[in-house]
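Novice: Just a sequence and a predicted model for now, questions to come.
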Amino acid sequence: MASTAVPNVLDDPLAASLAQAVAGANQHVRSLGIDPEERILSVSEVVSGGELSWRVAYLPREHVSRRGGELIVDVDFQDGSIRQVLRGQ
């Protein structure tokens, strides 16, 4: 089943952009010493200055009664470059 899913992702510009954004954000957070697989992942679209970005948020799994610890990475919709990184407090 996975072998048919990959061509479908590559043929869908929105899916390919999302996959590129998550992969780039994951690489960046790993360089900061954070394991993305130990976080809750949330992705949304954001518009800033008329430009569309993916906002990839990494939240602590044990977030109940806990303040801070989130990491947010904004990734360019078109080229997958990192626009900004925000750390929760």
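Specialist: Good, I have the coordinates.
Novice: Show me where this structure dips below the pLDDT cut-off.
Specialist: Along the chain, segments meeting pLDDT under 70 span 1-6, 63-68, 89.
Novice: Tell me the buried residues in the lengthiest helix in the chain?
Specialist: Taking DSSP state H as the assignment, the helix of the chain that covers the most residues is helix 13-31. By 16 or more other C-beta atoms under 10 Å, the buried positions in helix 13-31 come out as 17-18, 20-22, 24-26, 28-29. Placement of C-beta: from N, CA and C, glycine included.
Novice: What is the three-state secondary structure of the residue nearest the centre of the chain?
Specialist: In the chain, the C-alpha nearest the mean C-alpha coordinate belongs to Val56, at 2.9 Å (C-alpha atoms, centre = their mean). Using DSSP: H, G, I helix; E, B strand; the rest coil, the structure places Val56 in strand.
Novice: Tell me the bridge partners for it.
Specialist: Residues in a beta bridge with Val56, per DSSP bridges, are Val43, Val73.
Novice: Would you check that it makes contact with Ala25?
Specialist: Yes. Between Val56 and Ala25 there is a contact under C-beta atoms under 8 Å: 3.9 Å.
Novice: List the buried residues in stretch 41-57.
Specialist: In stretch 41-57, counting by 16+ other C-beta under 10 Å, buried: 53-57.
Novice: residues making contact with that stretch?
Specialist: Contact with stretch 41-57 is made by 17-18, 21-22, 25, 58-59, 70-78, 83, as judged by C-beta atoms under 8 Å, 6 or more residues apart in numbering.
Novice: Tell me which helix or strand Gly69 sits in.
Specialist: Element membership for Gly69 (DSSP states H and E) is empty, with no helix or strand holding it.
Novice: tally of neighbours for it?
Specialist: By other C-beta atoms under 10 Å, the residues close to Gly69 number 16.
Novice: shared neighbours of Val56 and Ala25, anything?
Specialist: Counting by C-beta under 8 Å, 6+ apart, the residues touching both Val56 and Ala25 are 73, 75.
Novice: Within the helices and strands, which one has the closest residue in space to Ala15 that isn't next to it in sequence?
Specialist: In space, and not counting its chain neighbours, Ala15 is closest to Val9: 4.7 Å by C-beta to C-beta, 6 or more residues apart in numbering. Using DSSP H and E, the element containing Val9 is helix 2-11.
Novice: Thanks a lot, catch you later.
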